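Chemist: Return atomic coordinates for the entry below.
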Amino acid sequence: MLEQDNTTPKPAKKPGFLEKLTNWEHWPAEVLYAPLAPIWLWYIIRARSFWFFTASNPNIEFGGYEGEAKTDIYPFLPEGYYPLTVLIKPGEDFETVKKRIVDSGLEYPFIVKPDVGRKGLLFRKIDSDAQLQEYHNYCPINYLAQTLLDMPVELGVFYVRHPSQQTGKITGIIHRQALEVYGDGVHSLRDLIIRHPYASLRAEEFFRKHEDKLDLTLAPQERYVLSYAVNRSRGARLKNVSNEADAELTAFFDKISLHSGGFYWGRYDIKCTSIEDLKKGVNFGILEYNGAGASPSHMYHCGMSLFQAWGVILYHWKLLYEVCAWNNTHGHPYWPFWKGLHYLRAVNKHLAVLDQYD
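Modeler: Numbering: from 1, shown residues only. Okay, here's the model as predicted:
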């Protein structure tokens, strides 16, 4: 059974040059994946398509590799499986925005995030009309106002199902814990950030995002979440819990995949009260589904060697190709080269805006 770890991690030094050089977990993705490029090229040649992966999840634009909108994915999930969500466009009258949120039943606090985003960019927790208006006036793209799921367990579950089969398999599960600090009744939030071994590495960012609360003194063991975007790039603590995968949990994801009619290869990011409840299909919410661009993040923080990590990546690429090849011959053709190129250029421009405004 997974439990929330309320202890502050022991102080750790920032990885030095030698550690970054020898520990693959510190490598940029481009460096980690580069030696495997010939294998990816081989799949391109076999498929006779540069964008063969677009057939992986037919219901998602570009197969979910990059640039997919969350509001295009949610309708394919069973009703009630994802948080209450309101799509808001930049430039929309703020009074209209407030009315739509009230009418939807959404209440403070809630979170806001881009409809098309990545790595937690422009992800914020909103506590008031004033904060919402500030975000609305600042955000240059379509964004979502969404229920804040305050559940203790967040998981990334990688699931694959061949389209010709009714049952899939869970290839890995990662447990993520948000970057957070706990009060001691003495130090301010500013001090707690500085004293935290991981938050201190991004102190400037957190000082900016929590500017109005930096002088707040938290009560002993009072929890304060610095980033609700729970991923490696935002400082989350990760733990491989793939041992939790069993027939009951697989059946839960089989149900989702069969309902969607086109989610075959990817990672579900889910909040729940416990894995036991998730297996029963209660007390959970699907935050998002990452398709062909998903990485098997369960290979991190579990003591894998570089060659073991490469083996995990290649295994998932093999499954990806098999899914795509079958779908391509059953009514879901690969994207033409120029269509994919134009799409990816537009997505990269959009993501550059996110980087600029975050």
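
Chemist: Give the next helix or strand downstream of the lowest-mean-pLDDT helix or strand in the chain.
Modeler: The helix or strand of the chain with the poorest confidence is helix 17-22; it has a mean of 70 (mean pLDDT, DSSP states H and E). With elements assigned by DSSP states H and E, the helix or strand that comes after helix 17-22 is helix 29-33.

Chemist: What is the distance between that following helix and the centre of its chain?
Modeler: Helix 29-33 sits 19 Å away from the centroid of its parent chain (C-alpha atoms, centre = their mean, to the nearest Å).

Chemist: Pull out the buried positions in that helix.
Modeler: Leu32 (16 or more other C-beta atoms under 10 Å). (C-beta placed from N, C-alpha, C; glycine too.)

Chemist: what does that helix contact?
Modeler: 24, 295, 309, 313 (C-beta atoms under 8 Å, 6 or more residues apart in numbering).

Chemist: Let me see the contact set for the first one.
Modeler: This means Trp24. Residues near Trp24 by C-beta under 8 Å, 6+ apart: 32, 306, 309.

Chemist: what does the second one give?
Modeler: Taking C-beta under 8 Å, 6+ apart as the criterion, Ser295 is in contact with 29, 267.

Chemist: likewise the last one?
Modeler: Remark: with contacts taken as C-beta under 8 Å, 6+ apart, Ile313 is in contact with 33, 36, 296, 299.

Chemist: Of the residues you listed, just say which sits nearest to Asp215.
Modeler: Met299 (40.8 Å; C-beta to C-beta).

Chemist: Quick check: phi and psi on that closest one?
Modeler: Per-residue torsions, Met299: phi -80, psi -10 (degrees, to the nearest 10).

Chemist: Using the record's assignment, carve this protein into domains.
Modeler: Domain ranges of the chain: 84-148, 179-227, per automatic domain parsing.

Chemist: weakest of those domains in terms of mean pLDDT?
Modeler: Here the lowest mean pLDDT among the domains of the chain goes to domain 179-227, at a mean of 86.

Chemist: mind checking which helix or strand Val181 is in?
Modeler: strand 179-182.

Chemist: which helices and strands does that strand pack with?
Modeler: Here strand 179-182 touches helix 189-195, strand 223-227, going by 3 or more C-beta pairs under 8 Å, 6 or more residues apart in numbering; DSSP states H and E.

Chemist: The same query, at a cut-off of 6 Å, please.
Modeler: Secondary-structure packing of strand 179-182 (3 or more C-beta pairs under 6 Å, 6 or more residues apart in numbering; DSSP states H and E): strand 223-227.

Chemist: List of residues touching whichever helix or strand comes after the strand it packs on?
Modeler: Toward the C-terminus, strand 223-227 is succeeded by strand 237-240 as the next helix or strand (DSSP H and E). Outside of strand 237-240, the residues within contact range by C-beta atoms under 6 Å, 6 or more residues apart in numbering are 174-177, 298, 300-302.

Chemist: just the buried members of those?
Modeler: 174-177, 298, 300, 302.

Chemist: In strands, which of the residues you listed appear?
Modeler: 174-177 (DSSP state E).

Chemist: Just flag the most distant two among those residues.
Modeler: Ile174 and Gln177 (10.5 Å).

Chemist: okay, and the common contacts of these two?
Modeler: Common neighbours of Ile174 and Gln177 (C-beta under 6 Å, 6+ apart) do not exist.
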